[in-house]
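Undergrad: how does the following fold in three dimensions:
(chains A and B)
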2 protein chains.
Amino acid sequence: MRVDGRPFRTIWSPEPGCVDIIDQTRLPHRFETRRLVTLQDAATAIADMQVRGAPLIGVTAAYGVALGLKRDASDATLHEICATLRATRPTAVNLQWALDRVKSHLTSLPPPRRLSAAWDLAALMADEDAAICEAIGDHGVSLIAEIARSKPGAPVNLLTHCNAGWLATVDWGTATAPIYKAHEAGIPVHVFVDETRPRNQGAALTAWELGHHGVPHTIVVDNAGGHLMQHGMVDLVIVGTDRTTADGDVCNKIGTYLKALAAHDNNVPFYVAAPSSSIDFRIRNGLGEIEIEKRGAHEVTHMTGETSDGGIETVRITPASSPVMNFAFDVTPARFVSGLVTERGIVVADAEALAAAFPERL
Amino acid sequence: MRVDGRPFRTIWSPEPGCVDIIDQTRLPHRFETRRLVTLQDAATAIADMQVRGAPLIGVTAAYGVALGLKRDASDATLHEICATLRATRPTAVNLQWALDRVKSHLTSLPPPRRLSAAWDLAALMADEDAAICEAIGDHGVSLIAEIARSKPGAPVNLLTHCNAGWLATVDWGTATAPIYKAHEAGIPVHVFVDETRPRNQGAALTAWELGHHGVPHTIVVDNAGGHLMQHGMVDLVIVGTDRTTADGDVCNKIGTYLKALAAHDNNVPFYVAAPSSSIDFRIRNGLGEIEIEKRGAHEVTHMTGETSDGGIETVRITPASSPVMNFAFDVTPARFVSGLVTERGIVVADAEALAAAFPERL
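TA: Below is the predicted model of the structure:
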């Protein structure tokens, strides 16, 4: 996507032997790229969340292997590199999957061929992710186009939660891909962006990427979505998913379920952009089978932002003695999901439709 | 209620001719009282939100009249005093109501009797508010006691939104009154406190008052309530109301409706503490008839808190170029309200029951 007119991906190799990323910990107040030259650079970028979002973490790890192999491409080093990268975010499923894929491919090659193969594979994985997201956009844009036809001249109002944007992927994003496609097609859109407490990925990242690409948007607090839908101000909700069950339940950022309830109560379509990599066919009942990660209190008790003199400061916003509970995700039952926008098309959120769309995964 | 064992109200007259308040703009990081000696002190306290919450604003205005009359108790001065106070928060219905009451009472008296009558009336209004809140507590505690009987030994888990606590009233609060009553009766309670973006009244005020009174509680982001209810972690939701319609619709802090939806979807009782002063019998359909206040963007874009070195700092948390929309309230339709806890008892949220409970208001 574009940043003030200039095309960017979240990760790219500007010249042989190094990789550039956008340092997402600095957004929205600073737009800075960072050059990764060593394995340790890549590990730090993942661990410190300079890159985040499942697809982008996986691709960064793939590039990290290539950076590590510059020194030595032996089996022992390859094993050590993968262990280092795995440890950066041990619970990130996509990270483990990406490293399994890279390791398996490289192990099958003689050491002298591994370095260039690692670079090629990392670039391929980046392109694959961008292609999957773009396909989600191509399918999802039909939902927006249909609404646009019903209200000629007026913008289609969307609402999204968290950042399932291009910053979480290599390009396009998942939930944002149909929005960018609509914008490129000249369909007028306007996006309500949920702030997304506690980490504020909506206010900090989604608003930033939409704004710098030129997509009209408005930041609202997470509390506002119900009111907006009651008053006909939202035509379509579209969110991402961290994990989708075989029955179509959606585990996504905490608060997604509340928006699904409001959409249901107000007859607003609620779609989930779900790359097939997010679908876990081993589980059916999201509420019963997915354990929700509890994260540290600091995300709730403290807030980081820019002071009036341009510095970056962190402040405590809660009483020092009050306990905090911080669940990272919630589960939206499939009955509230109007459809799953996958790279193969829009699929009904139930077991039969998902099995029919991805028969090879069963 | 108590602050670290010491009993407090939010407003009191420590000696003739002056009034003390808790400066709520300093909470939760500083507990400071402030002495009001002049009319202008009272006007500033209301305008700058050192006091907030409809009942407390009304009582502060009543005391403000008494402070203003120290100089001169003529009709002209009384009129001017009321005009000054009315202008502090022009849209606060309770402020206008309180001033009408005070002005009408004092105008009926000869000027020499007005000063002491003003003090007496302000004190009476403070006591009346405390009594109404305590009555809400006495009725509402039955809901908590009943749940407690069904889970012996385990705490009753409540969830509340915003601050309908003693800090918003003179004492007891509305939504918190049943909680304090249960706590005093030795019923084990635990309160999930919604942060309540954008002004964070939950994290800043409700958590502070519960904590310093000794009530077990946990701060959660506004996004979390649905997940908590899906997993049986909430036995009862109780919130306040800014305005209740004749049909039982509830206009309360933005985000209340989302919690009502989650309570409904998970069979969690959803009660609203509604002093009869909040009931507006002139309107029926909350969604159609109540215009929702839009407030400034700054509440969403900036956050104030305490820095690690103990200073108070305000930081921007959104991209400087992103627009913001900030609705202050939403409407929860009566069909999602399990009951209204009034000072006359628990009333079904419908026109018939409300009319029967408050026949003199029709």
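
Undergrad: contacts only, for the residue in the stretch 101-250 of chain A positioned nearest to chain B.
TA: With C-beta to the nearest C-beta, the shortest gap between the stretch 101-250 of chain A and chain B falls at residue A:223, namely 2.7 Å. The C-beta positions use only the backbone N, C-alpha and C, and glycine is treated the same way. Residues near residue A:223 by C-beta atoms under 8 Å, 6 or more residues apart in numbering or on different chains: B:196, B:197, B:222, B:253, B:254, B:255, B:258, B:330.

Undergrad: on the three-state scheme, it is what?
TA: Using DSSP: H, G, I helix; E, B strand; the rest coil as the criterion, the local structure at residue A:223 reads helix.

Undergrad: pLDDT score for the closest residue to it other than its chain neighbours?
TA: Residue nearest to residue A:223 in three dimensions, not counting chain neighbours: residue B:255, with 2.7 Å by C-beta to C-beta, 6 or more residues apart in numbering or on different chains. According to the prediction, residue B:255 has pLDDT 98.

Undergrad: and residue B:255, how many neighbours?
TA: Under the neighbour criterion other C-beta atoms under 10 Å in any protein chain shown, residue B:255 is assigned a count of 31.

Undergrad: contacting residues for it?
TA: Residue B:255 is in contact with A:221, A:222, A:223, A:224, A:226, B:161, B:194, B:196, B:197, B:222, B:330, counting by C-beta under 8 Å, 6+ apart.

Undergrad: now swap in residue A:285 and tell me
TA: Contact analysis of residue A:285 by C-beta under 8 Å, 6+ apart lists A:245, A:247, A:249.

Undergrad: and if you look at residue A:249?
TA: A:284, A:285, A:286, A:287, A:290, A:331, A:332, A:333, A:334, A:349.

Undergrad: in this model residue A:350 seems to touch the first one, though I could be wrong.
TA: No. Counting by C-beta atoms under 8 Å, no contact exists between residue A:284 and residue A:350, whose distance comes to 10.6 Å.

Undergrad: coming back round to it: show me the contacts of residue A:223 that map onto helices.
TA: The helices, defined by DSSP state H, take in residue B:258 from those.

Undergrad: any idea which of the contacts of residue A:223 is closest to chain A?
TA: residue B:255 (2.7 Å).

Undergrad: could you measure from the residue nearest to residue A:161 when sequence neighbours are not counted over to residue A:255?
TA: Distances taken as C-beta to C-beta, 6+ apart place residue A:194 nearest to residue A:161, at 4.4 Å, with adjacent residues excluded. With distances taken as C-beta to C-beta, to the nearest Å, residue A:194 is found 7 Å from residue A:255.

Undergrad: what is in contact with these two at once?
TA: Shared contacts of residue A:194 and residue A:255 (C-beta under 8 Å, 6+ apart): A:161, A:222.

Undergrad: check which helix or strand covers residue A:125.
TA: Residue A:125 belongs to helix A:111-150 when assigned by DSSP states H and E.

Undergrad: include secondary structure and pLDDT when you put the contacts of residue A:285 into TSV, please.
TA: Converted to TSV, the contacts of residue A:285 look like this (DSSP: H, G, I helix; E, B strand; the rest coil; pLDDT from 0 to 100):
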residue	secondary structure	pLDDT
A:245	strand	97
A:247	coil	98
A:249	coil	98
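
Undergrad: residues of the stretch 151-300 of chain A that sit close to chain B?
TA: Residues of the stretch 151-300 of chain A found near chain B (C-beta under 8 Å from any C-beta of the partner chain) are A:192-193, A:195-198, A:200, A:203-204, A:207-208, A:211, A:217-228, A:230-231, A:253-255, A:257-259, A:261-262, A:265, A:287, A:292, A:300.

Undergrad: still on that earlier bit, joint contacts of residue A:284 and residue A:350?
TA: residue A:247.

Undergrad: closest to chain B among the contacts of residue A:249?
TA: residue A:287 (6.0 Å).

Undergrad: check the closest one and give its pLDDT.
TA: 97.

Undergrad: give me the three-state assignment for it.
TA: Going by three-state DSSP: residue A:287 is helix.

Undergrad: how close does the nearest residue to it once chain neighbours are set aside sit to residue B:61?
TA: With sequence-adjacent residues excluded and distances taken as C-beta to C-beta, 6+ apart, residue A:287 is closest to residue A:331, at 5.0 Å. Separation of residue A:331 from residue B:61 (C-beta to C-beta): 48 Å.

Undergrad: remind me which residues of the stretch 151-300 of chain A are low pLDDT?
TA: Regions of the stretch 151-300 of chain A meeting the criterion pLDDT under 70 are absent.

Undergrad: that one: strands as residue ranges?
TA: Taking DSSP state E, counting those that start in this stretch as the criterion, the stretch 151-300 of chain A carries its strands at A:156-160, A:189-194, A:217-220, A:236-239, A:243-245, A:250-253, A:270-273, A:279-280.

Undergrad: and residue B:16, which of those strands is closest to it?
TA: strand A:217-220 (48.7 Å; C-beta to C-beta).

Undergrad: could you say what helices and strands that closest one packs with?
TA: For strand A:217-220, the packing partners by 3 or more C-beta pairs under 8 Å, 6 or more residues apart in numbering or on different chains; DSSP states H and E come out as strand A:189-194, helix A:207-213, helix B:298-301.

Undergrad: any chance of the ones you listed in a markdown table, with mean neighbour count and distance to residue B:5 too?
TA: Shown next, in a markdown table, are these (neighbours: other C-beta atoms under 10 Å in any protein chain shown; distance: least, C-beta to C-beta, whole Å):
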| stretch | mean neighbour count | distance to residue B:5 |
| --- | --- | --- |
| strand A:189-194 | 26 | 41 |
| helix A:207-213 | 25 | 45 |
| helix B:298-301 | 18 | 34 |
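
Undergrad: now those as a markdown table including distance to residue B:28?
TA: Listed next are the helices and strands packed on strand A:217-220 as a markdown table, based on distance: least, C-beta to C-beta, whole Å:
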| stretch | distance to residue B:28 |
| --- | --- |
| strand A:189-194 | 25 |
| helix A:207-213 | 28 |
| helix B:298-301 | 17 |
